[in-house]
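In: from the sequence below, what's the structure:
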Amino acid sequence: MVSAHQELPADGSRFIADYLIETPLDPAQVAEVMAGEQSCGTFVRVEGETDQLRERARAVVTAIDELETVAEASLPNAWQQRQRIGGPYRRARVRISFPVENVGPNLPTLAATVAGNLFDLGEVTGLRLLDVALPPAYRRSFDMPRHGIAGTRRLLGVDDVPLLGTIIKPNVGLSAEETAALAGRLCEAGVDFIKDDEVCANPGHAPLRQRVQAVMRRVRDYQDKSGRRVMVAFNITDELDAMRRHAELVEHEGGSCVMVGLNWCGFSAVQSLRRSTPLALHGHRNGFGMMSREPLLGMSFAAYQAMWRLAGVDHLHVHGLNGKFSEFNDEVIDAARACLAPMAGDDAVMPVFSNGQWAGTVRPTFDAVGSSDVIFLSGGGILAHPDGAAAGVASLRQAWEAARAGIGLDEYARHAPELRRAIAFYGARLK
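Out: A predicted model of the protein is given here:
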């Protein structure tokens with residue numbers, strides 16, 4: 001298939017979704033079921049479903065590319081058991097075009113249209129949403145990133161180079177003052193960015209109000225002394241009214257960023273938060289694995305990030321190369337490239353690399369993505385450096401300098417002691 005974006009009608013009247021399906025039936029027949037189910041139809045034609053209505057409101061199958069056939073079904077299916085339907089099972093890529101007028105600028109309904117009940121269809125033993133393409137005018141009817149890449153750089157006063165940061169560790173358990181003391185040390189170590197862990201939001205041992213106030217005192221003191229700004233992404237994940245209050249607190253204390261667990265708050269809450277705060281929105285995707293790890297179920301990151309960009313997030317997590325999680329490197333690379341690609345005129349969102357990242361993963365990251373417009377988060381790669389956090393940050397900067405200059409890591413490390421120590425310490429641990 002050619003790019004879905006290339007097949008968008010010039011009049012902007014329709015949007016497109018791409019799918020991977022598996023079925024024991026004719027893929028063309030199943031594609032028509034999908035189109036009808038997600039627009040004006042059901043399993044039989046009903047009263048009121050006139051030809052005129054179908055012409056105006058029905059989704060249309062525009063392409064089917066048959067792939068391989070397999071002997072075993074990827075997912076169980078009670079409907080097919082009742083119908084005594086068995087394999088072999090045919091896989092295909094399907095493209096469906098939907099009328100914009102069916103949905104309007106309604107993100108939850110857009111998500112329900114391109115996904116929704118499709119995952120439950122009896123005709124399929126596997127279905128995955130691969131991508132979503134929107135015409136420019138329709139995309140602009142949704143929220144845009146308030147800051148994106150350029151705005152995040154302006155907030156920090158950092159041009160061109162990657163933004164280096166870390167995560168508060170231990171994940172939970174530190175008091176507000178202990179968290180603030182660590183944040184102060186990290187500022188002194190030279191990080192650009194600090195974020196809460198996704199499981200630390202408003203715990204009893206470190207209430208968010210106390211934590212924000214204590215951390216921002218240290219951040220302001222550091223900025224007054226050094227002239228450097230540090231962005232802190234406070235985890236304000238909660239119900240909407242609480243998130244609005246938390247964001248107002250962060251803004252009042254001079255903060256520039258808040259973090260939200262996207263999957264647990266939902267599109268509507270994040271959209272409403274975007275509209276109520278000028279702060280940068282750091283989108284954490286924890287839980288995305290349940291949507292993506294089964295190749296014949298859920299959705300790809302390309303589709304996921306497209307919809308969250310419509311909610312107005314500025315940063316999106318993509319995991320990291322050679323990290324501690326299950327993703328293959330090509331999945332991480334594709335995710336980062338999707339974030340960096342402009343979408344109908346918006347400023348691209350900033351991909352956030354994390355999990356098991358250290359100086360040794362910098363070069364493959366830069367070579368694969370070809371951009372310094374990233375937030376590169378390293379927990380143990382900074383905080384566990386044998387010479388301390390400042391040396392950990394220095395090792396990352398040195399690794400990025402080497403990558404951007406096209407110099408081998410070991411060669412650059414001969415004149416960079418922090419990097420040399422990182423290679424000896426982390427490299428030995430990874431063998």
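In: how about the strands of this structure, start to end?
Out: Assigned by DSSP state E, the chain shows strands spanning 14-23, 60-70, 89-99, 126-133, 163-167, 193-195, 231-235, 257-261, 280-284, 297-299, 315-317, 350-353, 375-377.
In: can you put those strands in CSV and add mean pLDDT, mean neighbour count and distance to Thr152?
Out: Using the backbone N, CA and C atoms, a C-beta is placed for each residue, glycine as well. CSV is the format used below for the strands of the chain (pLDDT from 0 to 100; neighbours: other Cβ atoms under 10 Å; distance: least, Cβ to Cβ, whole Å):
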stretch, mean pLDDT, mean neighbour count, distance to Thr152
strand 14-23, 97, 24, 28
strand 60-70, 97, 15, 37
strand 89-99, 97, 21, 33
strand 126-133, 97, 23, 24
strand 163-167, 96, 25, 7
strand 193-195, 98, 24, 9
strand 231-235, 98, 26, 7
strand 257-261, 98, 24, 8
strand 280-284, 98, 27, 6
strand 297-299, 97, 21, 26
strand 315-317, 98, 27, 7
strand 350-353, 97, 28, 6
strand 375-377, 97, 25, 8
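In: give me the residue at the spatial middle of this protein.
Out: With the centre of the chain defined as its mean C-alpha position, the nearest residue by Cα atoms, centre = their mean is Leu316, 3.8 Å away.
In: residues touching the closest residue to that residue other than its chain neighbours, list them.
Out: In space, and not counting its chain neighbours, Leu316 is closest to Gly283: 4.7 Å by Cβ to Cβ, 6 or more residues apart in numbering. Neighbouring residues of Gly283 by Cβ atoms under 8 Å, 6 or more residues apart in numbering: Met259, Val260, Leu262, Val270, Trp308, Val313, Asp314, His315, Leu316, His317, Val349.
In: if we use 7 Å, what do you get?
Out: Val260, Leu262, Trp308, Val313, His315, Leu316, His317 (Cβ atoms under 7 Å, 6 or more residues apart in numbering).
In: how close does the last one sit to Glu7?
Out: Distance of His317 to Glu7, given as Cβ to Cβ, to the nearest Å: 30 Å.
In: what do you get for the first one?
Out: Val260 sits 33 Å away from Glu7 when distances are taken as Cβ to Cβ.
In: now stretch 423-431: average pLDDT?
Out: Mean per-residue pLDDT for stretch 423-431: 76.
In: is the spatially closest residue to Met299 that is not a sequence neighbour bridged to anything, and to what?
Out: Once flanking residues are discounted, Met299 sits nearest to Leu129: 4.0 Å by Cβ to Cβ, 6+ apart. Under DSSP bridges, the beta-bridge partners of Leu129 are Tyr19, Met299.
In: surely Leu129 and Phe301 touch.
Out: No - the criterion here is Cβ atoms under 7 Å, and Leu129 misses it with Phe301 at 10.7 Å.
In: re earlier: residues touching the residue nearest to Met299, list them.
Out: Contacts of Leu129 by Cβ under 7 Å, 6+ apart are Ala17, Tyr19, Val114, Ala115, Met299, Ser300, Ala303.
In: any chance of the residues you listed in TSV, plus distance to Ser395?
Out: Listed next are these as TSV, based on distance: Cβ to Cβ, whole Å:
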residue	distance to Ser395
Ala17	43
Tyr19	44
Val114	43
Ala115	42
Met299	36
Ser300	33
Ala303	36
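In: of those, closest to Ala359?
Out: Ser300 (30.0 Å; Cβ to Cβ).
In: so who does the residue lying closest to that closest one once chain neighbours are set aside touch?
Out: Nearest residue to Ser300 in three dimensions, chain neighbours excluded: Leu130, at 5.1 Å (Cβ to Cβ, 6+ apart). Leu130 is in contact with Asp18, Tyr19, Leu20, Ser300, Ala302, Ala303, counting by Cβ under 7 Å, 6+ apart.
In: tabulate the strands of the chain in CSV, adding columns for distance to Leu186.
Out: Listed next are these as CSV, based on distance: least, Cβ to Cβ, whole Å:
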stretch, distance to Leu186
strand 14-23, 42
strand 60-70, 48
strand 89-99, 46
strand 126-133, 37
strand 163-167, 6
strand 193-195, 6
strand 231-235, 9
strand 257-261, 15
strand 280-284, 16
strand 297-299, 35
strand 315-317, 18
strand 350-353, 17
strand 375-377, 12
